[in-house]
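**Q** Got a sequence here, can you build the structure:
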Amino acid sequence: MSPTLAPVDLREWDQATVENYGSPGPDDLALQQALSKAGGARLELDWMHDGSLRVRSRSWVGVIRLERVEIRIRPKHAGGDVGLLRMLDYASGLGALQQLPGRRELSSGRGSLVDLICSLLVNEAEDIIRRGVLSDYVTREEALSGLRGRLLLERQVVLHYGQVAQLECRHDEWEADIIENRLLAAGLRAAHGLCGDTAVRSRVARTAAAFSEVCRPLAGEDVVAASAGLSYHRRNVHYRAAHQWALLLLRNHAVDDLFAPAPRKCFTFLLDMNPLFESFVAQLLQTACRGTDLRVSRQARERSIIVDAATRRSYTTIRPDLLIEDHGVSPALVRVLDTKYKLYDEHRLDVEDMYQSFLYAYAFHHGDNDVARMATLVYPSTRSAESQRLLVQSRDGLEGAVLRAVGLNLEDAVDRISRGEGPDPELVDLLLDRPGGLLTDRGPS
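**A** Got it, this is the predicted structure:
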């Protein structure tokens, strides 16, 4: 059953009311339960006594399909769904998006984020079929009527003692039932259940059928382990973009039966903007600092900061989002950045975020440097500028650490990337508190 009400659009940290929805059906309640298991902070669904449905979004964007309505949570600062896809592609370091499908390529004329991802996936899969599906040697262990490859003597004795009608063999088979194809087949199978656009779903069905003839789709529980062990090289690198979109579908759903043969009546596909924003800023800085004396580290673990006072042993680990070390000076100057996907243009900084940033400012300061202890909190905004500079001081006025809050014009940064212009040097200098000099004066080392 397709949704009977018009799609509802809202942004992160927003709410909407769907009038005349009625009582939740069994699939609605099952979806709500799945969301609770996956993490209740993603969004809230409240069915009211008057028959309306109230939806509250958080920092997750994507699609929620209920029995009677589809709700689309779009990013506020990234430039819509297309901008979000460009963020995903850039943050991954893949850079595979030469051309994105437009809305008019979808039969509905106004598809959701899931429809766009399914379109990208099937485009890549069709290109792989045109180039030829990859095959490789796969090691098999099985009982055969004749010797093939190597005889597994110990297993032969245990299972077929004194018999030669069946021989336990290990041999290599040249076939297409390999991890590269199986992962892609699983993604296509999932896309067929999630895609709401009829034209894209028809293409997905044809492509999935082609892959099912040469391999078995990975089961849901095998996807994470298989993708973690997959490495790319000359022969399979053309699968990487397809795998990116397949894994995006497989990892960010909340349904009980993702591989249902028919389109799902109810499902959610939600992306957490917090790690995506962090990855995007990290990639931005790594690209801009390449060839300079600056070294960018992401999620660097530090165990020597908080220690037991008696034993001097590490008590816990702290992990700032980004550390930028300037090796052009001695001793190296370290700058700490913490990314928060929060709407700080609209409200004050959260106390917890301030405490965390001030800790970083103290922990990573080098005592030999004549610069202030400083940390920078980066958040998405409509303009790139320093919006706040806070100072910690003692009761008698002794100055301590400085916290900078810097807004990043996310949509503008994504637009520059899509045009192939790369990171704005002035933006990078702003993030690192070196206006007009850090990159432009230093140049490549």
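
**Q** where does stretch 352-361 sit relative to the chain's centre, distance-wise?
**A** In terms of CA atoms, centre = their mean, to the nearest Å, the centre of stretch 352-361 is set 25 Å apart from its chain centre.

**Q** got it, and stretch 133-142?
**A** Centroid separation for stretch 133-142 versus its chain: 31 Å, with CA atoms, centre = their mean.

**Q** do the same with stretch 117-134
**A** On CA atoms, centre = their mean, the centre of stretch 117-134 falls 21 Å from that of its chain.

**Q** And the helices in the protein, which stretches?
**A** Using DSSP state H, the helices of the chain run over 26-39, 80-91, 113-131, 153-159, 179-194, 198-212, 223-228, 240-251, 273-289, 351-363, 410-418, 425-431.

**Q** Point out the most buried one among those.
**A** Stretch with highest mean neighbour count among these: helix 179-194 (a mean of 25; mean count of other CB atoms under 10 Å). C-beta here means a position set from N, CA and C on the backbone, and glycine is covered the same way.

**Q** on contacts alone, who are the packing partners of that one?
**A** helix 113-131, helix 198-212, helix 223-228, helix 240-251, strand 267-272 (3 or more CB pairs under 8 Å, 6 or more residues apart in numbering; DSSP states H and E).

**Q** which one of the helices of the chain lies closest to Val329?
**A** Taking CB to CB, helix 273-289 is the member of these nearest to Val329, at 14.6 Å.

**Q** contact partners of that closest one?
**A** The contact list for helix 273-289, computed with CB atoms under 8 Å, 6 or more residues apart in numbering, reads 12, 59-61, 75, 87-88, 90-93, 295-296, 298, 321-322, 324, 337, 339-341, 378, 380, 408, 410, 413, 422-423, 425, 427-428, 431, 439.

**Q** let's see it at 6 Å
**A** The contact list for helix 273-289 (CB atoms under 6 Å, 6 or more residues apart in numbering) reads 59, 87, 90-91, 296, 298, 321-322, 339, 341, 378, 423, 428.

**Q** Now tabulate those residues in JSON lines and tack on distance to Leu285 and pLDDT.
**A** As requested, the contacts of helix 273-289 are arranged in JSON lines below (distance: CB to CB, whole Å; pLDDT from 0 to 100):
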{"residue": "Ser59", "distance to Leu285": "21", "pLDDT": "88"}
{"residue": "Met87", "distance to Leu285": "15", "pLDDT": "91"}
{"residue": "Tyr90", "distance to Leu285": "12", "pLDDT": "90"}
{"residue": "Ala91", "distance to Leu285": "12", "pLDDT": "89"}
{"residue": "Val296", "distance to Leu285": "5", "pLDDT": "91"}
{"residue": "Arg298", "distance to Leu285": "9", "pLDDT": "88"}
{"residue": "Asp321", "distance to Leu285": "11", "pLDDT": "92"}
{"residue": "Leu322", "distance to Leu285": "7", "pLDDT": "93"}
{"residue": "Thr339", "distance to Leu285": "11", "pLDDT": "95"}
{"residue": "Tyr341", "distance to Leu285": "16", "pLDDT": "93"}
{"residue": "Val378", "distance to Leu285": "10", "pLDDT": "96"}
{"residue": "Pro423", "distance to Leu285": "8", "pLDDT": "90"}
{"residue": "Val428", "distance to Leu285": "6", "pLDDT": "90"}
